[in-house]
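Asker: predicted model and sequence follow; I will ask about them next.
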Amino acid sequence: MWAIFRTGPVKEPGTNGRSRLTEQPNNVLIKPMYAIVEIQGQQFKAEAEKFLYVHYLGEAVKEGDKVEFDRVLLADADGDVKVGAPTVEGAKVVCEVLTPLVKGDKVIVFKKKRRKGYRRKNGHRQYFTKVLIKEVVA
């Protein structure tokens, strides 16, 4: 079990995003449960009550929909780590769609070959979906 023994004051979770440790009765601190989940080919670290920007999930999802991702590659519950081969059986991450379509920052692609008069400028904005992780089931 992963634990830190500390005598000083402890910040509550959710206070300005700095401390995610929770205090236990005998001043033992434990990490919250998390999972490594694969969503559309990318791996994310999922913790309850955190936001994720995943690749656009398409027209099928609406705001407020519940979405479950079952490709959990690793799950950690109070130091009990389960590693899947390739996925953890029965584990899933339950999310709520907050914003179905979010545009990312604009990326400028500029190509040039010197002394040849060749210049190409192209812009791109990636589409994302903002989800709130409701719970991690392992």
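Answerer: Looks like it arrived, so ask away.

Asker: give me the pLDDT value at K31.
Answerer: pLDDT, K31: 71.

Asker: okay, now it: neighbour count?
Answerer: Using other C-beta atoms under 10 Å, K31 has 17 neighbouring residues. All C-beta spots, glycine's among them, are computed from the backbone N, C-alpha and C.

Asker: how much space is there between it and R115?
Answerer: 57 Å (C-beta to C-beta, to the nearest Å).

Asker: how about F69?
Answerer: 51 Å.

Asker: find the residue closest to V102 in space, skipping its chain neighbours.
Answerer: Excluding its sequence neighbours, the residue lying closest to V102 (C-beta to C-beta, 6 or more residues apart in numbering) is F128, at 4.5 Å.

Asker: name the element the nearest residue to I108 once chain neighbours are set aside belongs to?
Answerer: Once flanking residues are discounted, I108 sits nearest to G123: 5.6 Å by C-beta to C-beta, 6+ apart. Element membership for G123 (DSSP states H and E) is strand 118-137.

Asker: now do that strand: which elements does it pack against?
Answerer: When contacts are defined as 3 or more C-beta pairs under 8 Å, 6 or more residues apart in numbering; DSSP states H and E, strand 118-137 packs onto strand 42-47, strand 51-55, strand 92-113.

Asker: pipe the ones you listed into a markdown table and attach mean neighbour count per row.
Answerer: Formatted as a markdown table, these follow (neighbours: other C-beta atoms under 10 Å):
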| stretch | mean neighbour count |
| --- | --- |
| strand 42-47 | 15 |
| strand 51-55 | 15 |
| strand 92-113 | 14 |
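
Asker: using JSON lines, lay out the ones you listed together with mean pLDDT and distance to K62.
Answerer: Below are the helices and strands packed on strand 118-137 laid out as JSON lines (pLDDT from 0 to 100; distance: least, C-beta to C-beta, whole Å):
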{"stretch": "strand 42-47", "mean pLDDT": "95", "distance to K62": "21"}
{"stretch": "strand 51-55", "mean pLDDT": "95", "distance to K62": "15"}
{"stretch": "strand 92-113", "mean pLDDT": "96", "distance to K62": "6"}
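
Asker: just tell me which of these ends up closest to D78.
Answerer: strand 42-47 (13.2 Å; C-beta to C-beta).
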